[in-house]
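S.K.: no sequence on this one, just coordinates:
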């Protein structure tokens with residue numbers, strides 16, 4: 001077996017040729033691209049913060065509306081209950097008030113000594 005000397009030897013060293021430098025226009029773009037990316041990133045972050053703030057404010061307003069509605073409902077129920085009691089109390093004849101009222105509201109009919 002004989003080896004072919006041309007296939008076993010590495011190719012002779014050739015120094016790299018000088019690469020073509022980028023044009024001024026492409027150099028400007030290479031400098032502006034990271035700046036533009038930062039500006040876009042800052043804009044996106046600002047938009048996200050604005051959206052989250054608006055969503056939180058909306059959620060707070062909805063919670064306040066729910067609280068007001070439940071408080072109004074509670075007050076309305078108490079007033080209706082009191083109205084029913086007053087209506088029942090008003091339907092008692094006058095002659096019966098002197099016997100029934102002291103048992104219903106003893107504080108109103110304290111006897112003077």
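M.R.: Good, I have the coordinates. Just so it is clear, the structure is predicted and the values come from calculations on it, not from any experiment.
S.K.: And the helices in this protein?
M.R.: 5-8, 24-90, 94-104 (DSSP state H).
S.K.: among those, which is nearest residue 16?
M.R.: Closest approach to residue 16 among the helices of the chain (C-beta to C-beta): helix 24-90, 20.9 Å. Quick note: C-beta positions are derived from backbone N, CA and C, even for glycine.
S.K.: Let me know the average pLDDT across the closest one.
M.R.: Averaged over helix 24-90, pLDDT sits at 93.
S.K.: hang on, the earlier thing: any chance of the helices of the chain in JSON lines with distance to residue 14 and mean neighbour count as columns?
M.R.: Formatted as JSON lines, those follow (distance: least, C-beta to C-beta, whole Å; neighbours: other C-beta atoms under 10 Å):
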{"stretch": "helix 5-8", "distance to residue 14": "17", "mean neighbour count": "6"}
{"stretch": "helix 24-90", "distance to residue 14": "27", "mean neighbour count": "10"}
{"stretch": "helix 94-104", "distance to residue 14": "116", "mean neighbour count": "10"}
